[in-house]
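Trainee: Dropping the sequence and predicted coords here.
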Amino acid sequence: MDETTLLCLIPALPLFGFLVTGLGGKRLGKGVPGWIATAATGLSFALALALFIGHPDGFGAAAGLGIKLFDWIPAAGLDLSFGLMLDPLALIMTLVITGVGFLIHLYSVGYMAHDEGAPRFFSFMNLFVFSMLLLVLADNYALMFVGWEGVGLCSYLLIGFWFTKDEYNAAAVKAFVMNRIGDLGFLLGLFAMVATFGSLSFDVVFGKAAAYSTASSPAVTLIALLLFVGAMGKSAQIPLYTWLPDAMAGPTPVSALIHAATMVTAGIYMVIRSHALYDLAPLALQAIAYVGLATAIWAGLIALSQRDIKKVLAYSTVSQLGLMFLALGVGAYSTGYFHVFTHAFFKALLFLGAGSVIHALSGEQDIRKMGGLRKKLPVTYLTFLVGTLAISGIPPFAGFFSKDAILAAAFEKSPLLWGLGVFAALLTAVYMGRLFILVFHGQGRGSGKVHPHESPWTMTLPLVLLALGSTFAGFLGLPAVFGLPNWMEDFLAPAAGPSAARLEPGTEWLLMGISVAVALSGLGFALWKYGSKRVVPKEDKKVKGLVRWSLERFRVDELYDTAIVRPLFALSAWISAVANDRFVDGAVGRTAALVAWAGGKVRLIQTGNTVFYLFAMTLGVIVIAAVAALG
């Protein structure tokens with residue numbers, strides 16, 4: 001089997017799994033749809049791994065592996081094909097999507113074992129993976145946009161999976177609408193791209209962009225900013241981030257898939273893929289850095305006081321995405337991508353670990369009602385500990401290397417950016433330490449009616465494998481001071497360019513020391529406050545001051561409701577009353593009245609008098625003849 005066939009099969013297998021599980025449904029038998037969907041994703045991962053093994057250098061300096069399947073949009077001046085491409089950037093992302101996605105599917109077999117809607121769930125999950133693979137493997141922006149919209153649709157379907165609950169439907173609609181706002185920016189960016197470059201093909205656009213300079217590229221800057229608006233929606237950055245925490249309404253494996261391997265990383269991937277444009281748009285890069293940093297701090301402050309275990313992790317994702325955008329904003333593309341890679345392991349681990357806790361507590365998600373689970377859930381406890389240490393930036397776990405690389409790149413650009421990034425990292429350690437201690441240590445605070453037990457092997461095995469990834473994945477991007485190759489940067493260089501910070505060894509060791517000290521301080525503070533002092537979050541009505549603002553998420557949703565939603569509803573009501581009732585309905589009513597009036601007058605002609613009818617007919621013939629003669 002040649003490599004282009006393997007490339008086609010990678011997205012085709014999840015699509016096939018979607019069709020089989022979706023059409024077969026419950027007729028396939030209990031549990032079968034889950035294993036079919038898991039096998040489809042696992043086979044895709046095996047094929048991607050085979051291509052990686054065959055090209056350990058990431059295709060070297062070549063353009064990568066590509067195939068044109070058919071002509072798609074043969075419009076005048078805009079000839080686009082339905083084509084796939086695989087270069088180092090797409091290859092790493094494909095391995096993450098299918099590899100982590102496979103583990104999440106396997107976990108879901110146990111998690112959704114007793115859910116009546118399991119076949120529908122697994123069909124949507126496979127469609128999600130297919131859409132993300134299409135986004136990543138597309139060789140032009142138009143096809144990327146198809147995958148982009150596909151993951152948006154799947155997020156709506158999966159967030160609102162338990163559609164009998166109104167609040168879950170509202171969360172799904174919120175995610176869909178807010179992403180449409182971002183997608184409008186993406187779409188406008190594509191229109192501007194066609195107007196500027198006359199194409200949406202990566203090769204053509206990037207080739208023509210090479211002729212521009214930063215001083216003569218206002219059009220490129222506009223395109224870059226519009227594309228970033230799309231990234232802000234998909235990757236949950238200020239001000240379009242509020243949908244992601246509410247997306248926790250879906251089953252926990254959905255949260256893991258969205259946060260770790262698919263949707264929220266789409267914006268990061270798109271910006272890195274477009275780095276040839278962003279290199280010409282320093283204003284856009286500056287906006288990306290500032291928005292990312294602000295988001296990282298803002299979301300971290302909110303996470304400090306949340307009570308829902310999944311909400312804490314959701315705001316953690318928003319914050320980590322902000323750090324990734326900080327890396328992109330300072331031009332460290334491969335560094336930001338490295339954090340995408342490590343984040344996929346430890347964030348999937350944390351969400352699936354949270355799902356194991358929720359499963360053991362019969363659906364309980366409030367961390368105030370947890371505690372004392374360390375001995376009752378030993379595998380979940382140890383793996384969750386690994387995830388906590390990784391995201392907090394403790395060496396030698398994966399998050400330390402990727403987050404330290406971001407902070408080093410920020411320091412090289414501006415010590416102020418570095419300082420604010422360190423503060424965001426401190427917040428991460430505090431809220432993750434708080435979460436871990438309240439869930440697993442201390443005394444049990446549940447009702448006593450639930451007897452926690454460890455999850456089945458289909459759930460714990462993915463936890464163990466993800467814990468291994470969270471431990472060792474960071475060694476693929478070692479800092480220069482270690483004197484060893486930075487494999488991740490070297491592998492991505494042909495597609496994303498070199499971006500690791502080039503600091504003096506003494507400076508880099510100092511920055512790493514500060515980073516570790518800050519992480520340990522944050523964890524130590526959490527241990528002191530929530531461990532030794534046995535502090536448990538108060539009831540909502542007793543919370544005051546800044547903690548209450550944080551608990552209420554700084555009332556951003558309320559602000560949006562007051563400033564945007566209610567005025568739009570009022571405007572819609574006014575338009576309905578004026579335009580619809582007076583003009584549309586009024587016009588229909590008046591037209592009906594006119595017809596009725598005319599009918600009433602015309603019917604008077606029908607007298608029933610035969611002599612009058614003969615007279616009218618004769619008069620009509622005379623008039624027609626006279627008109628014909630005059631003509």
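Mentor: Structure's in. What do you need? Residues are numbered from 1 along each chain as shown.
Trainee: Leaving out chain neighbours, which residue sits closest to the spatially most central residue of the chain?
Mentor: The residue lying closest to the centre of the chain (C-alpha atoms, centre = their mean) is Val264, at 2.2 Å. Distances taken as C-beta to C-beta, 6 or more residues apart in numbering put Ser235 closest to Val264, at 5.1 Å, once the chain neighbours are dropped. Quick note: C-beta positions are derived from backbone N, CA and C, even for glycine.
Trainee: just checking, Ser155 touches Ser255?
Mentor: No - between Ser155 and Ser255 no contact is recorded; they are 10.6 Å apart, counting by C-beta atoms under 8 Å.
Trainee: Now do the shared contacts for these two.
Mentor: Residues touching both Ser155 and Ser255 (C-beta atoms under 8 Å, 6 or more residues apart in numbering): Ala247.
Trainee: how close does the closest residue to Ala360 other than its chain neighbours sit to Phe102?
Mentor: Take Ala360 and drop its neighbours on the chain: the residue closest to it by C-beta to C-beta, 6+ apart is Pro452, 4.1 Å away. Distance of Pro452 to Phe102, given as C-beta to C-beta, to the nearest Å: 27 Å.
Trainee: who's more crowded, these two?
Mentor: Per other C-beta atoms under 10 Å, whichever of Pro452 and Phe102 has more neighbours is Phe102, with 24 against 20.
Trainee: Can you give me the distance of the more buried one to Val109?
Mentor: Using C-beta to C-beta, Phe102 is found at 11 Å from Val109.
Trainee: list the residues that contact both of the two?
Mentor: In terms of C-beta under 8 Å, 6+ apart, Phe102 and Val109 are both contacted by the residues Thr38.
Trainee: the helices in the stretch 401-550 of the chain, which residues?
Mentor: Under the criterion DSSP state H, counting those that start in this stretch, helices of the stretch 401-550 of the chain are mapped to 415-440, 457-472, 487-496, 505-526, 545-551.
Trainee: of those helices, which approaches Pro14 most closely?
Mentor: Nearest to Pro14, of all these, is helix 457-472, at 17.6 Å by C-beta to C-beta.
Trainee: Which positions within that closest one qualify as buried?
Mentor: Of the residues in helix 457-472, 458-463, 465-467, 469-471 count as buried by neighbour count, 16 or more other C-beta atoms under 10 Å.
Trainee: Dump that helix to CSV, keeping only the CA atoms.
Mentor: Extracted as CSV, the C-alpha positions of helix 457-472 are listed here (Å, rounded to 0.1, in the frame of the first residue of the first chain):
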residue,chain,number,x,y,z
TRP,A,457,-9.8,-1.2,33.0
THR,A,458,-11.1,0.4,29.9
MET,A,459,-11.0,3.7,31.9
THR,A,460,-7.9,3.2,33.9
LEU,A,461,-5.6,1.9,31.1
PRO,A,462,-6.0,5.2,29.1
LEU,A,463,-5.1,7.0,32.4
VAL,A,464,-1.9,5.1,32.8
LEU,A,465,-0.9,5.6,29.1
LEU,A,466,-1.6,9.3,29.3
ALA,A,467,0.3,9.5,32.5
LEU,A,468,3.3,8.0,30.7
GLY,A,469,3.0,10.6,28.0
SER,A,470,2.6,13.4,30.6
THR,A,471,5.9,12.2,32.1
PHE,A,472,8.1,11.7,29.1
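Trainee: tell me what it is packed against?
Mentor: Applying 3 or more C-beta pairs under 8 Å, 6 or more residues apart in numbering; DSSP states H and E, we find helix 457-472 packed against helix 88-111, helix 333-360, helix 378-392, helix 398-413.
Trainee: what's next to that helix, contact-wise?
Mentor: Helix 457-472 has contacts (C-beta under 8 Å, 6+ apart) with 100, 103-104, 106-107, 109-111, 342, 345-346, 348-349, 352-353, 355-356, 359, 379-380, 382-383, 386-387, 390, 396-399, 454.
Trainee: of those residues, buried ones?
Mentor: Buried among the contacts of helix 457-472 (16+ other C-beta under 10 Å): 100, 103-104, 106-107, 109-111, 342, 345-346, 348-349, 352-353, 355-356, 359, 379-380, 383, 386-387, 390, 397-399, 454.
Trainee: any residues touching stretch 281-290, and which ones?
Mentor: Where contact means C-beta under 8 Å, 6+ apart, the residues beyond stretch 281-290 that reach it are 214, 217, 220-221, 223-225, 228, 271, 278, 325-326, 328-331, 413, 417.
Trainee: redo that, cut-off 6 Å
Mentor: 214, 220-221, 224-225, 228, 278, 325-326, 328-330 (C-beta atoms under 6 Å, 6 or more residues apart in numbering).
Trainee: Which one (most neighbours) among those residues?
Mentor: Counting by other C-beta under 10 Å, top hit in the contacts of stretch 281-290: Leu326 with 32 neighbours.
Trainee: That residue: what's it in contact with?
Mentor: The contact partners of Leu326, by C-beta under 6 Å, 6+ apart, come to 289, 292-293, 410.
Trainee: so how far is Ile406 from it?
Mentor: Taken as C-beta to C-beta, the span from Leu326 to Ile406 is 6 Å.
Trainee: State which strand of the chain is the longest.
Mentor: strand 65-75 (DSSP state E).
Trainee: so for that strand, what's the average pLDDT?
Mentor: Per-residue pLDDT over strand 65-75 has a mean of 85.
Trainee: Can you say which helix or strand has the nearest residue to Ala296 once chain neighbours are set aside in it?
Mentor: Excluding the flanking residues, the one nearest Ala296 by C-beta to C-beta, 6+ apart is Gly322, at 3.1 Å. Taking DSSP states H and E as the criterion, Gly322 maps to helix 309-329.
Trainee: And for Ser81?
Mentor: strand 78-86.
Trainee: Let's see that strand as CSV, backbone CA atoms only.
Mentor: Taking C-alpha atoms only, strand 78-86 is exported to CSV below (Å, rounded to 0.1, in the frame of the first residue of the first chain):
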residue,chain,number,x,y,z
LEU,A,78,-9.9,30.3,-8.0
ASP,A,79,-9.2,26.7,-8.9
LEU,A,80,-9.2,24.6,-5.8
SER,A,81,-8.9,20.9,-5.5
PHE,A,82,-10.0,18.5,-2.7
GLY,A,83,-6.4,17.7,-1.6
LEU,A,84,-4.6,16.4,1.4
MET,A,85,-1.1,17.1,2.6
LEU,A,86,1.1,15.8,5.3
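Trainee: packing partners for that strand?
Mentor: With contacts taken as 3 or more C-beta pairs under 6 Å, 6 or more residues apart in numbering; DSSP states H and E, strand 78-86 sits against strand 65-75.
Trainee: Give me the sheet partners of the strand it packs on and which way each runs.
Mentor: Strand pairing for strand 65-75, determined by DSSP bridges: strand 78-86 (antiparallel).
Trainee: For the partner strand, the averaged confidence score.
Mentor: For strand 78-86, the per-residue pLDDT averages 87.
Trainee: Check stretch 169-181 too.
Mentor: For stretch 169-181, mean pLDDT is 92.
Trainee: What are the contacting residues of it?
Mentor: 152, 155-156, 159-160, 163, 233, 240, 243, 246-247, 249.
Trainee: Test for you: state the pLDDT assigned to Ile297.
Mentor: 97.
Trainee: and the angle from the helix or strand hosting it to helix 398-413?
Mentor: Assigned by DSSP H and E, Ile297 belongs to helix 282-303. Interaxial angle of helix 282-303 relative to helix 398-413 (axes from the mean of the first three to the mean of the last three C-alpha atoms, to 10 degrees): 130 degrees.
Trainee: So which bits of helix 282-303 are buried?
Mentor: Going by 16+ other C-beta under 10 Å, helix 282-303 has these buried residues: 284-285, 287-303.
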